[in-house]
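K.L.:
only the shape, not the letters, is given here:
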């Protein structure tokens, strides 16, 4: 079965510090991978998605970046965090093909980031 | 106008009640739709997918109305454990590989 991992689970960082969040998927190959952010009491905002190694699409211009160095690894980074970067960061994957569920996305447990 | 809109609620209902949420979408080319359940401080979990007119799973029924561009989620015989935020999502169109989510509807089932 497929599983998705994210770490760390929680993070408190000062303004201006760098960030690296990691997401890995097991039990599948060539998944589509996504980074979302959910601010307190808000909906899910798509940040980046990737359809393969080294292929990143950015949805919202900001001080974040993403990389996919391996098929099942997706990394979210920042060189200098802002207060507005606080939120719940969710990684999701979508099977490249799965009968009857080709558009379904499954979420990891998330990383709760607080920027002080 | 947001691509996917939901009434934020909260919906406060007694145990055993039937409750329905609506979700409207603006992109008529959207092909598939989903309801996710999100508990406080947890990740969203897939509840139901809707590819045609509707889907039913136990106490939960999702219906799609393409003419009016909305999907609904009906929960019958509400349980305390149904208390959560329910997120609606749409797959906008072929070629865009990400779902668009609504902001969620909060349900509180009371004893």
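P.N.:
Received it, and whenever you're ready, just let me know what you need. The model shown is predicted, which means the values in this text are computed figures rather than measured ones. Numbering: from 1, shown residues only, chains lettered A, B, ... in the order given.
K.L.:
the residue of chain B found nearest chain A: what secondary structure?
P.N.:
Going by C-beta to the nearest C-beta, chain A is nearest to residue B:103 of chain B, at 3.5 Å. All C-beta atoms are positioned from the backbone trio N, CA, C, and that covers glycine. Here residue B:103 is recorded as coil under DSSP: H, G, I helix; E, B strand; the rest coil.
K.L.:
contacting residues for it?
P.N.:
Residue B:103 makes contacts with A:42, A:43, B:2, B:5, B:6, B:8, B:87, as judged by C-beta atoms under 8 Å, 6 or more residues apart in numbering or on different chains.
K.L.:
now these: which count as buried?
P.N.:
A:43, B:5, B:6, B:87 (16 or more other C-beta atoms under 10 Å in any protein chain shown).
K.L.:
format these as CSV; extra columns: secondary structure and pLDDT.
P.N.:
Converted to CSV, the buried ones among the contacts of residue B:103 look like this (DSSP: H, G, I helix; E, B strand; the rest coil; pLDDT from 0 to 100):
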residue, secondary structure, pLDDT
A:43, coil, 84
B:5, strand, 93
B:6, strand, 93
B:87, strand, 96
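K.L.:
max pairwise distance over those residues: which two?
P.N.:
B:5 and B:87 (12.0 Å; C-beta to C-beta).
K.L.:
quick check: neighbours shared by these two?
P.N.:
B:102, B:103.
K.L.:
doesn't residue B:42 make contact with residue A:107?
P.N.:
No: using C-beta atoms under 8 Å, residue A:107 makes no contact with residue B:42, being 9.2 Å away.
K.L.:
these two: who's more crowded?
P.N.:
A direct count of neighbours by other C-beta atoms under 10 Å in any protein chain shown for residue A:107 and residue B:42 places residue A:107 higher, at 21 against 14.
K.L.:
so who does that one touch?
P.N.:
Going by C-beta under 8 Å, 6+ apart, residue A:107 touches A:4, A:36, A:90, A:91, A:92, B:43, B:44, B:45.
K.L.:
how much space separates it from residue B:111?
P.N.:
Applying C-beta to C-beta, to the nearest Å, the value for residue A:107 to residue B:111 is 30 Å.
K.L.:
repeat for residue A:56
P.N.:
48 Å.
K.L.:
what of residue A:112?
P.N.:
Distance, residue A:112 to residue B:111, by C-beta to C-beta: 30 Å.
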